[in-house]
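*Asks:* one predicted model, sequence on top.
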Amino acid sequence: MRVRSHPNRLLARLGVCAVAGALVALGAPALVAGASSSNNSANIVYTVHPIAIPMATSASPSGFPTPGACVTAFGFACYTPQIFHQAYSIPWTIDGQLAGTGEKVAIIDAFGSPTIQSDLATYDAEFGLPAANLNIYYPEGKPSFNGGAKRGGNALGWAEETSLDVETVHALAPGATINLVVSPTNYGNALNNAVAYAVSNHLGNVLTMSYGSNEGAIAGGGNNIQFLQSNKIFAQAVAQGMSLFASSGDNGATGGLAAANASYPASNPNVTSAGGTDLFLSANGGYGSETAWNDATNCPFGCSSGPFGATGGAPSALFGAPSYQASLGLSTRWTSDVSFNASVYTATMIYLGFLGSNSGFYFFGGTSEASPSWAAITADLDQAAGHDLGAMNPVLYGLASNPSTYAQDFHDVTVGSNNFPSTAPGFNAGPGWDSPTGLGTPIVSGLINSLAPGTTTGDTLP
């Protein structure tokens, strides 16, 4: 495996020696030069960007149309849980039990969804999934839902995000317990409290956060009180064996700003940053190929609805390179670490039931699909290993440092960039690790073989 060169940055070739699997930065992560202390008590405002396009037809008892039929009818492919299991070699059973059995996944969202329980039941019925074990926690009280702006946040967007997170985790780890923790606002203090509640009560061996804020938009930078508080919470989580995931962003390398900007909390070294791809299927419905998700420069199927976004991935201005990235020759922390399908044109199908007459299945995209997908996969890996794997970055970079396990465990995404729009700074995908897609997308059967050899897996849903 080799590292893709970036402008003005000399990246060393990755050696074949495995990176040590020890936890990284258990204390407060090493910060790059901090910003001034002005506004260090200002709120961090976290946002979500789920891309939801109505399917404009009811789900059929006979099942969803094929991805190709969806492209013909709507301009978007429609991927079901069964398709993702086949394409990414995600088993339905592990040692004779449903994938994820015995594991817990914590999901953190603001505002929540008023219909998430019934939405998940509808989703499960449509795709033939077993009933889920979903618990919902409101550490600071249950917020009312008004379908619009509420206390500085987009409650509708967060409700869509809640559905995407919960349904995705259940699709890929159907045996896992899902613990949804809902904060009353999308401000840093409220979401920090929600994460802290999940960590203190160990509501998951895996935790996913499909939200972010550009580092450049955090008032006070590395001195921001809410930022420093979150660092401590993430360190506590990793110290007790939890795996943390976050989305790398949906607006390319800049996040919509003038210069390259990593998204936080994805840039935290204790968090695994999940970028996005376009997944294309083979003739038999299995894995075909992938490109870095970028609707501006590599938009599939004729781009009939125009560009929606592009995967994040950029150097951090707040963190130095952790050991697992320093071994690549990087001098600062970079996102992304891994990736997963995230384009709305290669859409995951999600059910929304809080929209009245507009309720139904929607084509969904965004890297907020990638974070819960990797969280669910990690729950499956924990089950196979028989123990919590903890901080995943040292584990994943360690596997990738060996050419044979890298080829077995990851799809290396080498085409595309996250230059979005095309006049903005961005970075290219290429062989080995790169900023838009990280180490690549998972071959879960390979990861299980590397981490838990001898595990028996099944490819059919019981």
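*Replies:* Nice, thanks for sending it over. Residues are numbered from 1 along each chain as shown.
*Asks:* rest of the way, CA atoms for contacts and neighbours
*Replies:* OK.
*Asks:* would you say F245 is within a helix?
*Replies:* No: according to DSSP: H, G, I helix; E, B strand; the rest coil, F245 belongs to no helix; its state is strand.
*Asks:* what about it, neighbour count?
*Replies:* 30 (other Cα atoms under 10 Å).
*Asks:* so what sits opposite it in the bridge?
*Replies:* T208, T272 (DSSP bridges).
*Asks:* for T80, see how far away it is.
*Replies:* For F245, the distance to T80 equals 22 Å [Cα to Cα, to the nearest Å].
*Asks:* kindly report the same for L98.
*Replies:* Distance from L98 to T80, by Cα to Cα: 18 Å.
*Asks:* for T297, same thing?
*Replies:* Distance from T297 to T80, by Cα to Cα: 26 Å.
*Asks:* which one of these two is surrounded by more residues?
*Replies:* Shown here are T297 and T80; by other Cα under 10 Å, T80 has more neighbours (20 against 17).
*Asks:* burial check on the closest residue to A77 other than its chain neighbours, number of neighbours?
*Replies:* Sequence neighbours aside, P67 is the residue nearest to A77 in space, at 4.4 Å (criterion: Cα to Cα, 6 or more residues apart in numbering). Applying other Cα under 10 Å, we find 21 residues neighbouring P67.
*Asks:* again, but for E103
*Replies:* With other Cα under 10 Å as criterion, E103 counts 25.
*Asks:* now do the strands in the stretch 151-300 of the chain.
*Replies:* 153-154, 177-183, 206-209, 213-214, 243-247, 263-264, 271-281, 287-292 (DSSP state E, counting those that start in this stretch).
*Asks:* please apply the same query to the stretch 351-462 of the chain.
*Replies:* Taking DSSP E, counting those that start in this stretch, the strands of the stretch 351-462 of the chain run over residues 360-365, 410-411, 441-442, 457-458.
*Asks:* so what are the sheet partners of the first one and their directions?
*Replies:* Partner strands and pairing direction for strand 360-365 (DSSP bridges) are strand 51-54 (antiparallel), strand 346-352 (antiparallel).
*Asks:* adding mean pLDDT, write these out as CSV.
*Replies:* What follows is the strands paired with strand 360-365, written out as CSV (pLDDT from 0 to 100):
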stretch, mean pLDDT
strand 51-54, 92
strand 346-352, 97
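*Asks:* quick one, which of those strands is nearest to Y197?
*Replies:* When the strands paired with strand 360-365 are compared by Cα to Cα, strand 346-352 sits nearest Y197, at 26.9 Å.
*Asks:* can I get that closest one in CSV, CA atoms only?
*Replies:* Extracted in CSV, the C-alpha atoms of strand 346-352 (Å, rounded to 0.1, in the frame of the first residue of the first chain):
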residue,chain,number,x,y,z
THR,A,346,-26.1,5.5,-5.3
ALA,A,347,-28.7,5.9,-2.5
THR,A,348,-29.5,4.0,0.6
MET,A,349,-33.3,3.7,1.1
ILE,A,350,-34.6,5.1,4.3
TYR,A,351,-38.2,5.4,5.6
LEU,A,352,-39.5,8.7,7.0
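*Asks:* and for it, what are the contacting residues?
*Replies:* By Cα atoms under 8 Å, 6 or more residues apart in numbering, the residues outside strand 346-352 that reach it are 76-80, 119-120, 122-123, 160, 163-164, 167, 278-280, 359-365.
*Asks:* filter those to the buried ones?
*Replies:* Neighbour counting by 16 or more other Cα atoms under 10 Å classes 76-80, 119-120, 122-123, 160, 163-164, 167, 278-280, 360-365 among the contacts of strand 346-352 as buried.
*Asks:* the residue positioned nearest the centre of the chain: what's it in contact with?
*Replies:* In the chain, the residue lying closest to the centroid (Cα atoms, centre = their mean) is S371, at 1.3 Å. Counting by Cα under 8 Å, 6+ apart, S371 touches 208-210, 245-247, 273-274.
*Asks:* among those residues, who's most crowded?
*Replies:* A274 (38 neighbours).
*Asks:* if we can go back for a sec, export the strands of the stretch 351-462 of the chain to JSON lines and tack on distance to T311 and mean pLDDT?
*Replies:* Formatted as JSON lines, the strands of the stretch 351-462 of the chain follow (distance: least, Cα to Cα, whole Å; pLDDT from 0 to 100):
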{"stretch": "strand 360-365", "distance to T311": "11", "mean pLDDT": "96"}
{"stretch": "strand 410-411", "distance to T311": "17", "mean pLDDT": "98"}
{"stretch": "strand 441-442", "distance to T311": "13", "mean pLDDT": "98"}
{"stretch": "strand 457-458", "distance to T311": "32", "mean pLDDT": "98"}
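*Asks:* for this structure, what helix or strand is lowest in average pLDDT?
*Replies:* Every helix and strand of the chain was ranked by mean pLDDT, DSSP states H and E. The lowest is strand 149-150, at a mean of 44.
*Asks:* with adjacent residues omitted, what lies nearest to F76?
*Replies:* Using Cα to Cα, 6+ apart, the closest residue to F76 is Y345 (4.5 Å).
*Asks:* so what pLDDT did that neighbour get?
*Replies:* Model confidence at Y345, given as pLDDT, is 98.
*Asks:* which of the strands of the stretch 351-462 of the chain sits closest to L203?
*Replies:* Closest among these, using Cα to Cα: strand 441-442, at 24.8 Å.
*Asks:* run the chain-centre distance for that closest one.
*Replies:* 12 Å (Cα atoms, centre = their mean, to the nearest Å).
*Asks:* I figured S359 hits G353, correct?
*Replies:* Yes: counting by Cα atoms under 8 Å, G353 is a contact partner of S359 at 4.8 Å.
*Asks:* please consider this matter closed, and thank you.
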